[in-house]
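1. Generate coordinates for the sequence data below:
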Amino acid sequence: MVKILASKLRDVELITDTGVRLGWVYDLSFDEETGDLLVIVAEPDEDLDTSEFVTDHEGLLLIPVSAVRSIGEVIIIDSNKLAVKSKLRGIRHH
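-> Have a look, this model is predicted:
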């Protein structure tokens, strides 16, 4: 298993496997009890219509870690697992 420092993920671009530019990593959200990584909090791309995406109260995208396909120079997100409002409710970022 390759280890990646969280600090190295800041400002890494998030792109779906279909080529949609989602935005850039802003923060990470963990479960306080288990320590599990739950969500990538992302600053949305200025051209992205965020109305169908799950966002926090500041308008930041909440990308479930289960949707991450790969991490490298960019983070590739599986568009079929991407949380959109019509498919998923209840992910919260504190």
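2. and residue 76, that's in a helix?
-> No: counting by DSSP: H, G, I helix; E, B strand; the rest coil, residue 76 falls outside a helix, being strand.
3. Surely it and residue 69 touch.
-> Yes: if you go by Cβ atoms under 8 Å, residue 76 and residue 69 touch, sitting 4.4 Å apart. Quick note: C-beta positions are derived from backbone N, CA and C, even for glycine.
4. Neighbour count: those two, which is higher?
-> Legend: neighbour count by other Cβ atoms under 10 Å for residue 76 and residue 69, higher for residue 76 (17 against 14).
5. which residues does the more buried one bridge with?
-> For residue 76, the beta-bridge partners are residue 15, residue 70 (DSSP bridges).
6. Let me know the distance separating it from residue 64.
-> 14 Å (Cβ to Cβ, to the nearest Å).
7. Residue 75 too?
-> Going from residue 75 to residue 64 by Cβ to Cβ gives 12 Å.
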